[in-house]
Structure formats: structure tokens, C-alpha cells
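K.L.:
Give me a 3D structure for the following:
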Amino acid sequence: MPITRREFIKAAGGFVCATVFGHGQVDAAKDNAGTPPNILFLITDQHNSGVLGCAGNPIVKTPHLDRLAAEGARFTNAVCATPFCSPTRASLVTGQWPHTHGIVKNIDKNMIGLKDNTIGTEQLLFDSGYVTRQMGKWHLGNLRDLRCYNDDEEDALSQEAFRKWLQEQPRTKWHKARKNEVVEGEVAFSPEMYKFHLTWSRQKKPRGQDLSIIGRSLRPPELTFEWWLTEQCIALIRKYKHKNFMITWSVNPPHPLWVVPDPYYSMYDPAKIKLPPNWHDRPEAYKDSQPAQMGRMMGETLIREYLRCYYGLVTMIDDCIGRILKALKEEGLEQKTLVLFTSDHGDMQGGHGMPCKSLPAFYEEIIRVPLIVRYPGQIRHGSVVSTHVGSVDIMPTFLDYTNVPVPKSTQGVSLRPLLEGKVSKDDRPAFCERGIGDTGTFSRMIRTREWKYCVFADGRKELFNLAHDPWEMTNLADSKSHSADQMKLHRMLIEQMEKTSDPALRRIART
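P.N.:
Have a look, this model is predicted:
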């Protein structure tokens, strides 16, 4: 019998008995009993949940993340709070939905992000005596505004510090252009991709980031920001090995720019990368979106080239993670550290004819994210959890394991009972949102094991039967034969919005 959400929450504080552990885990459990773990939080950006070997991808090489999953637990239905960066990242930190913490769009240099009064994981652990370090992508305002990151050591982990270091490195290791490649700056394009790049750049006049820069980087891996950041992370692990720490290692790939150095670029043959079954499905509702326009201009050949670069970036990051995990083991910290790997949102991967993620939809490709957790002795080896979980659940999970009280303002629940096998199944739905709902555009989504239902500010609705249509190619919202299913999902969505005081509630019909 499925456990209720009330029972799931009630179980969140309990420990599982030693009998659930596999061989060799009982002693580790005794060693960790009563001792709060270190936290190593590994975050990628725009990582499609299916681009992992352990998720069943037959092409991509991710041996280190696969091993992490084999030694811990992997969630197959982890859903982001919002399918773009800043709102979800704030939800990971605060355990709240975007409409509650207030960050509902990406933070730029002129916008206010999280402040020192933020009730978040790092702030609470810092106040409890943990050393806290944030490395790489933050995307939530001025990092130094938070007391947990307000010291000079953070400056040594910045992009500015990396650029200064890079200027001191010789260019003798840089790669050379190959025959027929077109070089612009540090990027070697295929002739076809360069033609698309020129056309896209002239037509779209990209601001800030040109998504059409796709190709082979002439800079070797060891001179990338991600490689450098990995070395800094390893140094921090060694420096603070005698203290409790929370280190967040947050990298941009596989977010664009999709530019990857060898050997990772040459690791994948575009011709062997299969396009998804919904590649030819082009929804009318999103035909004017940036990804749809890109997909039409790129065609199959260039979509495969983009996927090749994407896969290469994923493998490069996997190698970085492998080096971090190796250092953790070398310092004798493997048994004492909870490692959590996830991403802020996904990527279309050619689904519905689109690359990237910048469309106002809730497709599986962009809302589902990878989530792997390892804590030796507490989490069973090779666990696979199908329960719906979300970004808001990460913060209370960290606090639960570190014995820090979960604030009443938290809207997520600890995943500890699921991780430890105390709760085997919970059929709670997943939710996702865009926009705050008081003004302007907004949309909301509910996902169950069988259905996905989406409501948009203009009155448009989407209803997909995920059990029979997992690639979401048939919208059943106007089907009279499924009106009862839609009404049930609508009521469930309304209940969630009422529970979380969602301001969009007054703009969604209750009937």
C-alpha cells in the first residue's frame, strides 16, 4: 500500500535499522552514528537527466558518476522547481518554492539576489560551526552578501582569480586547428556549424551569450575554469579535513556555450548519436521560441554536432568529479562525507526539434534532473528511488543529516527516509512553476506517475499521459474522454497552490 505524504514526513527524522545495509556497510554505519557528516554538493547546469551511463544512456561515458550511484542512491524522478537557473538554485539553498523566496527569474548584475537574512543551508551550517565554501557558478546575486561566504578565501575561488592564473600559463599546450575547421577565437567550428553560427548571429543579434558557438575548444582541459576549480576544491578538502565542511562545487557545463576540448570532443561520433523519438514533433505553441527556431535552422546534422559537444562536456565534468572523489578517499573522508550530485534543470537534447531549454514549457527533457546521493553506512548501495522529489527537498535533507533543525519556513521534506530505505514508496506528485503569478505571465505544472498537467496564464492547458505517451507528443487537454482526469489533476494542483500560498492561485479558475 502506498505511503501517504503525512506518513512520509513523519518518518523523515528516523534512522533505519542496520539490517537494510549491504555487505560491509554496518561497520561504517556505526562509525558515522552521532557524527554529523561533511557535505560535498556537486552541481552542474542544464544537465539532462538521461545523459548519464547509470541512467541507461548507451553512449555517454560517466564512470565516476556511475560509481557514485552504485555506492549510493539514484533518483529517477527528480524534478526542478523551475526549468531555468536562478529560481531553482535559490530553491536548492532555501528549501522554498520560487513564489515564496521571490527569485522567479535569472539574476543579473543589476538585480538583488539572496541576502544575509536568507534562511538557507549554508547560513545555518555556518552558524552551527561548519566551514562553508561556494565554488563556481552562484547566479544568486553578490556572494559576499551572505555571512557564510563573506571572507577573503572566497575571492581566491572566483573567475577573476582564474583569469589571473590563466594569463600566467604558456600557450604551448593549446590545440591546433585541423583541416577544414574554421577557427574563431578559441573555437574550431565545422564548416557547416560555422555557417549556421554566422547566420544565427546576424539574424538574432545575441546579447551576452551566443548559443550558436558550438565546436571544439583549442584550450586544453587543464586550462579550463572547471579543471582549475576542481584543483581548488581538492585543496579545500585537504585544508579542512579536520573540520566539518560544506563545499559546493558548481560548474557551468553542460550549459552553453557548447565548446569542449579534446580528447572529449573527439570521443563521440555524431553519426552514432540517435535523435529522440519526438525529434520530428514540432508543437505549434512553441514554434516561435528560440530553441524551435534554432532547431529548424540547424537540422539533424548540426543537432548531432551539438549533442556531441554536450556529451563531451558531460564526460569532462565526470572526470573532474572523479578527481574530487579520489581526493576525498585519499584524505580518509569518504566515509564521513555526504556527497550529493544534481543539476538545476535539464536540456531539450533535440526533443520536439529543439536544443537548449529557453522555451516556456514543462517538457520532461527540461524539468527532470539527475540526483545521486552517497553517504556510506547510511544509504544502501545501488538504491534506485522512483518517488517524485524536487529542488525544495535538498535543503531539509542536508539539515536532517547534519542534525540542524529544519526551519518552519521550509517547504520541502527530507529525503532521508527514502535514502535509508525506511520508506520504500511514496506516490506524491511533483510540481514545477514559472513566474510569480501576481502580474505578468505565469504557468504551473503537476506530474504524477501517469499524467502531466500544465496550466498557462493565457488559459492554454496541456495534458499528457506519460504512461502511454512518454515523449509528450499528444496533448489531451481538449479530449472529452479525459476531462475527469484533467479535473482531478486540476484540483490537486489547486491544493498544492493553496498549501504553499501561491499568488498565482487567484488567477487560475477553480472549476
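
K.L.:
and the spatially closest residue to residue 486 that is not a sequence neighbour, which of the three is it?
P.N.:
Once flanking residues are discounted, residue 486 sits nearest to residue 463: 5.3 Å by CB to CB, 6 or more residues apart in numbering. All C-beta spots, glycine's among them, are computed from the backbone N, C-alpha and C. Under DSSP: H, G, I helix; E, B strand; the rest coil, residue 463 falls in the strand class.

K.L.:
ok, residue 127 - how many residues close by?
P.N.:
Residues near residue 127, counting by other CB atoms under 10 Å, number 12.

K.L.:
Tell me which residues touch it, please.
P.N.:
By CB atoms under 8 Å, 6 or more residues apart in numbering, the contact list for residue 127 reads residue 148.

K.L.:
what does the average pLDDT come to for stretch 146-166?
P.N.:
Regarding stretch 146-166, the rounded mean pLDDT is 87.

K.L.:
mind checking the end-to-end distance for it?
P.N.:
One end of stretch 146-166 to the other measures 28 Å (CA to CA, to the nearest Å).

K.L.:
how about it: buried residues?
P.N.:
146, 148, 149, 154, 157, 162 (16 or more other CB atoms under 10 Å).

K.L.:
which helix is the longest one in this protein?
P.N.:
helix 290-330 (DSSP state H).

K.L.:
could you point out which element follows that one?
P.N.:
Using DSSP states H and E, the helix or strand that follows helix 290-330 in sequence is strand 337-343.

K.L.:
Just the residues contacting the helix or strand following that following strand, thanks.
P.N.:
Remark: after strand 337-343, the chain's next helix or strand is helix 364-367, criterion DSSP H and E. Helix 364-367 has contacts (CB under 8 Å, 6+ apart) with 48, 79-80, 83, 276, 345-349, 351, 357, 359, 432, 445, 447, 452, 466, 470-472.

K.L.:
Would you list the buried entries among these?
P.N.:
By neighbour count, with 16+ other CB under 10 Å, the contacts of helix 364-367 hold 48, 79-80, 83, 276, 345-349, 351, 357, 359, 432, 445, 447, 452, 471-472 as buried.

K.L.:
Could you check how far the residue sitting nearest the centre point of the chain is from residue 128?
P.N.:
Residue closest to the mean C-alpha point of the chain, counted by CA atoms, centre = their mean, is residue 343 at 1.3 Å. Computed as CB to CB, to the nearest Å, the residue 343 to residue 128 distance reads 27 Å.

K.L.:
for the stretch 151-300 of the chain, what are the low-confidence residue spans?
P.N.:
204-208 (pLDDT under 70).

K.L.:
the helices in it, which residues?
P.N.:
Using DSSP state H, counting those that start in this stretch, the helices of the stretch 151-300 of the chain run over 152-155, 159-167, 191-204, 225-239, 290-330.

K.L.:
Single out the most deeply packed of the ones you listed.
P.N.:
Across these, the average number of neighbours (mean count of other CB atoms under 10 Å) peaks for helix 290-330, which reaches a mean of 21.

K.L.:
what angle do that helix and helix 225-239 make?
P.N.:
30 degrees (axes from the mean of the first three to the mean of the last three CA atoms, to 10 degrees).

K.L.:
and helix 290-330, what other elements does it pack with?
P.N.:
The elements that helix 290-330 packs onto, with contact taken as 3 or more CB pairs under 8 Å, 6 or more residues apart in numbering; DSSP states H and E, are strand 38-44, helix 63-70, helix 191-204, strand 214-217, helix 225-239, strand 258-261, strand 337-343.

K.L.:
Would you mind getting the angle between that helix and strand 337-343?
P.N.:
Between helix 290-330 and strand 337-343, the angle comes out at 170 degrees (the same axes, to 10 degrees).

K.L.:
that older thread, what's the residue nearest to the centre of the chain in contact with, if anything?
P.N.:
Contact analysis of residue 343 by CB under 8 Å, 6+ apart lists 43, 44, 45, 46, 47, 49, 80, 369, 370.

K.L.:
for residue 137, same thing?
P.N.:
Counting by CB under 8 Å, 6+ apart, residue 137 touches 43, 45, 250, 251, 252.

K.L.:
where's the first one relative to residue 259, distance?
P.N.:
In this structure, residue 43 and residue 259 are 20 Å apart, going by CB to CB.

K.L.:
Does residue 378 belong to a helix, a strand or coil?
P.N.:
Following three-state DSSP, we place residue 378 in the coil state.

K.L.:
Tally up the residues packed near it, please.
P.N.:
By the criterion of other CB under 10 Å, residue 378 has 23 neighbours.

K.L.:
Pretty sure it sits against residue 419.
P.N.:
Yes - Residue 378 is within contact range of residue 419, at 7.2 Å (criterion: CB atoms under 8 Å).

K.L.:
Centre of the chain to the longest helix of the chain, how far?
P.N.:
Centroid separation for helix 290-330 versus its chain: 13 Å, with CA atoms, centre = their mean, to the nearest Å.

K.L.:
Same question for stretch 501-511.
P.N.:
On the basis of CA atoms, centre = their mean, stretch 501-511 is displaced by 28 Å from the centre of the chain it belongs to.

K.L.:
cool, stretch 241-258 as well?
P.N.:
For stretch 241-258, the distance from its own C-alpha centre to the chain's C-alpha centre is 12 Å (CA atoms, centre = their mean).
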